[in-house]
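**Student:** Need coordinates for the following:
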Amino acid sequence: MKNNIVAVMKKEFTRFFSDKRMVLTTILLPGLMIYFLYSFMGSGFSSQFEQTEDFKPKVYVENLPESVKTIVEQENIMELTEVSDKETADILENIKNGEEDYNLLAVFPEGFDEKIAAYDAQSGEKAPNVELYYNSTETDSSSAYSMMASVLDAIESSMANKFDINAGDGSYDLASDEDMTAMMFSMMLPMLLILFLFSGCMAVAPESIAGEKERGTIATLLVTPMKRSHLAFGKILSLSVIAILSGCSSFLGTMLSLPKLMGGSEGMNASVYSLQDYVLLFLIIISTVMVIISIISIVSAFAKSVKEATGWITPIMLISMLVGITSMIDSLCKTEPVFYLIPIYNSVQCMNGIFALNMNTTNIIVTVIANFCYAGLGVFALTKMFNSEKVMFAK
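**Tutor:** Have a look, this model is predicted:
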């Protein structure tokens, strides 16, 4: 038995690793492309939404109040230009068109300072209204709006300051860098991992079974004295190893690039996870890959060509991606062990728990055992299919 399984595995490894293009596109390129793509996206987002330290938006003001002028001059955060009512139409048009020197138009009512000083909310009078016109699709314009809104909030607080919120020098956000890393990784990585693992499995399994059926080489294997169960187990085991290499490449690229994708957050790094976390994650990945390989192998055995197999597998992959999204929705994250008998869902939830630093050992054990049992059923089903001439030699 051992020699037969090893022979099948050697054949699959030789077929795969002797093809340099397949090794490049299946193992090396996914991780590299994900790293550069996510890093580029993160740099692009940061440059689009961040401003330089010396940025001063150009703000046009009608009926400029002395209180606003004083604060802006003290903090030196904006360039104010007083305008008349006749000029506002042209300024609005320039802001709408995203002109560089037109970031914001602030229209104050006449006698603004006096009106807010005399305003009494209990009198039923309408509060003085300030109109801020900006273009939310322009980063400079949005920044100008935020700055002016902060100035107005400061003026309002100074005139009716009954209490402060977090006005001390302490740090009020009790979430640590580890908590932030765990939150972001647990939301995003389970879905991405399932996608990467499924993609790695799709890259190798259909070619190994449906491809051999299409080329007619599967008949050579089936006429050997080897047991069909040994052939099925050898195929699934070898394909699982290759798929894991592909998934690990994509996973590594994601882990290295994710901090850049999230805006270069310094606190986000994988060092918050212990060796035990990585060992448990590896067990989940291995058992998950064997389930996915079993499913794809069975589908590929039914198919008459690689193209047909890929067409059947794609909807299964989309369903798996939808299951991966459950890691982002708290109400769909169950903790009862019975839910961890559901393939793919159990892996997603275990990954979510590991990345969230809130793993449940019982659920992980249930998941690993269940996945290996499903893989065993897959080997059994694939063996039956190898024994069926109607399936293997269908025209």
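**Student:** drop to CA atoms for contacts and neighbour counts, all remaining ones
**Tutor:** Fine.
**Student:** Need the contact partners of the helix or strand hosting residue 117.
**Tutor:** Using DSSP states H and E, residue 117 sits within helix 112-118. Residues outside helix 112-118 that contact it (C-alpha atoms under 8 Å, 6 or more residues apart in numbering): 65, 66, 67, 127, 128, 159.
**Student:** Show me where the stretch 51-200 of the chain has its strands.
**Tutor:** Here the stretch 51-200 of the chain has its strands, by DSSP state E, counting those that start in this stretch, at 58-62, 79-83, 104-107, 131-133.
**Student:** how far off strand 58-62 does the second one point, in degrees?
**Tutor:** Looking back up the chat, that one is strand 79-83. 30 degrees (axes from the mean of the first three to the mean of the last three C-alpha atoms, to 10 degrees).
**Student:** Keeping just the C-alphas, turn strand 79-83 into CSV.
**Tutor:** Taking C-alpha atoms only, strand 79-83 is exported to CSV below (Å, rounded to 0.1, in the frame of the first residue of the first chain):
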residue,chain,number,x,y,z
GLU,A,79,-6.0,80.7,3.8
LEU,A,80,-9.1,82.9,4.2
THR,A,81,-10.4,85.2,1.5
GLU,A,82,-13.3,87.5,2.1
VAL,A,83,-15.8,87.7,-0.8
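**Student:** Show me which positions of that strand end up buried.
**Tutor:** 80, 83 (16 or more other C-alpha atoms under 10 Å).
**Student:** and it, how far from the chain's centre?
**Tutor:** Chain-centre distance of strand 79-83: 43 Å, with C-alpha atoms, centre = their mean, to the nearest Å.
**Student:** Go ahead and flag the most central residue of this structure.
**Tutor:** residue 188 (3.8 Å; C-alpha atoms, centre = their mean).
**Student:** And it, how far from residue 243?
**Tutor:** 21 Å (C-alpha to C-alpha, to the nearest Å).
**Student:** circling back: so among the contacts of helix 112-118, where is pLDDT lowest?
**Tutor:** Of all the contacts of helix 112-118, the model is least confident about residue 159, whose pLDDT is 65.
**Student:** quick revisit: could you say which of the strands of the stretch 51-200 of the chain is packed most deeply?
**Tutor:** A comparison of these by mean neighbour count, using mean count of other C-alpha atoms under 10 Å, puts strand 104-107 on top with a mean of 24.
**Student:** Name the surrounding residues that touch that one.
**Tutor:** Contacts of strand 104-107 (C-alpha under 8 Å, 6+ apart): 57-63, 88, 91-92, 95, 130-135, 141, 144-145.
**Student:** any chance of the strands of the stretch 51-200 of the chain in TSV, with distance to residue 306 and mean pLDDT too?
**Tutor:** Output for those, formatted as TSV (distance: least, C-alpha to C-alpha, whole Å; pLDDT from 0 to 100):
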stretch	distance to residue 306	mean pLDDT
strand 58-62	61	92
strand 79-83	64	91
strand 104-107	58	92
strand 131-133	58	92
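**Student:** Out of those, the one nearest residue 336 is which?
**Tutor:** Checking these against residue 336 by C-alpha to C-alpha gives strand 131-133 as the closest, at 51.9 Å.
**Student:** Quickly run through the sheet partners of that closest one, with directions.
**Tutor:** strand 104-107 (antiparallel) (DSSP bridges).
**Student:** Which stretches in the stretch 201-350 of the chain count as helices?
**Tutor:** Assigned by DSSP state H, counting those that start in this stretch, the helices in the stretch 201-350 of the chain fall at 218-222, 228-261, 275-302, 306-324, 345-355.
**Student:** Make TSV from the ones you listed and add mean pLDDT, mean neighbour count and distance to residue 35 to it.
**Tutor:** Below are the helices of the stretch 201-350 of the chain laid out as TSV (pLDDT from 0 to 100; neighbours: other C-alpha atoms under 10 Å; distance: least, C-alpha to C-alpha, whole Å):
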stretch	mean pLDDT	mean neighbour count	distance to residue 35
helix 218-222	73	14	38
helix 228-261	79	23	5
helix 275-302	88	22	20
helix 306-324	89	17	20
helix 345-355	92	27	20
